[in-house]
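> 3D model of this:
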Amino acid sequence: MLDITAALKSPGTSIPFEHMEELPSVQTLGEEVTFPQPARIKGEFTLMEDALVIDGELRATAVATCARCLKTVEYPVLAKVYETFLRVDPRETEVEDPWEERLVFTGHRVDLSHLAMTLAVLDLPIRFLCAKDCAGITLESADSNQEEETLDEHPFGALKQLFTKFQEE
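Okay, the predicted model is just below:
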């Protein structure tokens, strides 16, 4: 929770802040991605009437598995943060539209957990690679005279290896 007491005391003033947010593990495209250290959100917030504007950046480290060789990969997450939170009165019972997504706050604290998680996940790559030229998992060929094959070069290389091994037995 981000404490915005300073902004409540002096509306219209930009207040610098640094906030740490724990991010839970997430499944994305069938891969588990973890965030071993808390994400850091650094920037400024300003209260203008009933809107709190946060301007800054989010930095975190995502850990996943290389899509080609299955090694552990660390990916630096860097996302721009520019969001507006609207102040709501907890005593008002207004019917909310389930399709409308609004960032809201009450009191002197703002929950940044959902925002931080959303920004971190949106910055993740579609596939994690340990290196742009990662050769993938190399397979031992049945014939020692043949060159090594990789799964990326020959998508049925593993099947070929199993078939050769089955024939030898």
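> tell me how far Gln161 lies from Thr65.
Gln161 is 22 Å from Thr65, where distance means Cβ to Cβ, to the nearest Å. C-beta here means a position set from N, CA and C on the backbone, and glycine is covered the same way.
> kindly report the same for Gln167.
Plainly put, Gln167 is 32 Å away from Thr65 if you go by Cβ to Cβ.
> ramachandran angles for Glu74?
With angles defined as degrees, to the nearest 10, Glu74 sits at phi -100, psi 130.
> ok, it touching Thr65?
No - checked against Cβ atoms under 8 Å, the pair Glu74 and Thr65 is beyond contact range at 11.2 Å.
> quick one: which of these two has more around it?
Thr65 (15 against 11; other Cβ atoms under 10 Å).
> wait, doesn't that one sit right on Thr34?
No - if you go by Cβ under 8 Å, Thr65 and Thr34 don't touch, sitting 10.4 Å apart.
> before we move on, which element is Phe45 in?
strand 39-48 (DSSP states H and E).
> buried residues in the following helix or strand past that strand?
Note on strand 39-48: by DSSP H and E, the next helix or strand toward the C-terminus is strand 51-65. For strand 51-65, the neighbour count (16 or more other Cβ atoms under 10 Å) marks Leu52, Ile54, Gly56, Leu58, Ala60, Thr61, Ala62, Val63, Ala64 as buried.
> and what of stretch 108-128?
Buried residues in stretch 108-128 (16+ other Cβ under 10 Å): Val110, Leu112, Leu115, Ala116, Met117, Leu119, Ala120, Asp123, Leu124, Phe128.
> just the ones of those residues in helices?
If you go by DSSP state H, the buried residues of stretch 108-128 have Leu115, Ala116, Met117, Leu119, Ala120, Asp123 in helices.
> pick out the most distant pair among those.
Taking Cβ to Cβ, the two most distant members of those are Leu115 and Asp123; they sit 12.7 Å apart.
> off-centre distance for stretch 74-81?
On the basis of Cα atoms, centre = their mean, to the nearest Å, stretch 74-81 sits 7 Å off its chain's mean C-alpha point.
> could you do stretch 10-27 as well?
Using Cα atoms, centre = their mean, the offset of stretch 10-27 from its chain centre is 15 Å.
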